[in-house]
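K.L.:
one predicted model, sequence on top.
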Amino acid sequence: MKKRNVDLVVLSDIHLGTYGCHAKEVFNYLSSIKPKTLILNGDIIDIWQFRKSYFPKTHLKVVKKLLDFASKGTKVYYITGNHDEMLRKFSGTSMGNFSIADKVVLELDGKKAWFFHGDVFDSSVQHAKWIAKLGGLGYDYLILLNRFVNWMLKKMGKEPYSLSKKIKASVKKAVKFISDFEETASDLAIENNYDYVICGHIHEPVITTKENKKGSVMYLNSGDWIENLTALEYNKKRWKLYRHAESETITEEDYFEQETELGHQLIATMLFTNK
């Protein structure tokens, strides 16, 4: 496979170690690029929901691939998020081309770019962590249920359906939270004279220009590899939102037919946990 040369790539919210993670697709994408700089913008390994019984070889392959980038000359920044917050005690640590940080500021062709995960704006994470963790677990099971639903829909010849996106779109508080998140990040970036502000956390991929009375900034969000399968790429002075093509994704049958035993185990876990 011929690899694409890219100046900078941003990925976030991969959530390795959870049932919802599309590790095979992440690995396929990483295998197709050759970045000079790689920003891992939080929630790469989901330590909150880590299960000793569930960390497949496909997830390990992604970890190995990320470390391979650093060993082969790519500058890799691992920015901590809320799901991998345990790594924050190592912030400031560098090993060769691999660095762990809470935030990163880079100059891109004469413009200042501010990278951070974004959970600092989430009051549920800051003030009621147990609620946020419970919500994360529920989200993981919702994604798993959605895969099963889409598997059934495919069998019936119908289009796939996103339960989580439907819920987000229908709940006014969720819509308002996303809007407030984007506005807060942008206002802070403008206040501090950044040209770009790049976040993750909310699983909403976008590239847009935000303005207020003090100026403007380009707000970018790298999305996630649970629902959207997106990344940000900066190359030749331009930003691009990468979306993993439908033809490149692993079909739901790969999860529920080729891994039937695992699929049954996970559905059983959903139905009978805490009963």
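P.N.:
Now that the structure is in, tell me what you want to look at.
K.L.:
can you pull the contacts of residue 104?
P.N.:
Residues counted as contacts of residue 104 (Cβ atoms under 8 Å, 6 or more residues apart in numbering) are 39, 77, 79, 114, 115, 116. For glycine as for every other residue, the C-beta is placed from the backbone atoms N, C-alpha and C.
K.L.:
report the beta-bridge partners for the first one.
P.N.:
For residue 39, the residues forming beta bridges with it (DSSP bridges) are residue 10, residue 77.
K.L.:
now do the contacts for it.
P.N.:
Residue 39 touches 8, 9, 10, 11, 77, 79, 104, 115, 198, counting by Cβ under 8 Å, 6+ apart.
K.L.:
so can I have JSON lines of the residues you listed showing pLDDT?
P.N.:
Converted to JSON lines, the contacts of residue 39 look like this (pLDDT from 0 to 100):
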{"residue": "8", "pLDDT": "98"}
{"residue": "9", "pLDDT": "98"}
{"residue": "10", "pLDDT": "98"}
{"residue": "11", "pLDDT": "98"}
{"residue": "77", "pLDDT": "98"}
{"residue": "79", "pLDDT": "96"}
{"residue": "104", "pLDDT": "97"}
{"residue": "115", "pLDDT": "98"}
{"residue": "198", "pLDDT": "98"}
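K.L.:
if any of the contacts of residue 104 are buried, put those into a ChimeraX selection.
P.N.:
Here is the ChimeraX command that selects only those of the contacts of residue 104 that count as buried (16 or more other Cβ atoms under 10 Å):
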select :39,77,79,114,115,116
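K.L.:
alpha carbons of the helix or strand harbouring residue 211, as PDB, please.
P.N.:
Per DSSP states H and E: residue 211 is located in strand 206-212. In PDB, the C-alpha atoms belonging to strand 206-212 read as follows (Å, rounded to 0.1, in the frame of the first residue of the first chain):
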ATOM      1  CA  VAL A 206     -16.000  19.700  12.200                       C
ATOM      2  CA  ILE A 207     -13.900  22.500  10.700                       C
ATOM      3  CA  THR A 208     -15.500  25.900  11.000                       C
ATOM      4  CA  THR A 209     -14.600  29.600  11.600                       C
ATOM      5  CA  LYS A 210     -15.900  31.100  14.900                       C
ATOM      6  CA  GLU A 211     -16.100  34.900  15.500                       C
ATOM      7  CA  ASN A 212     -16.800  37.200  18.400                       C
END
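K.L.:
I appreciate the help and will end here.
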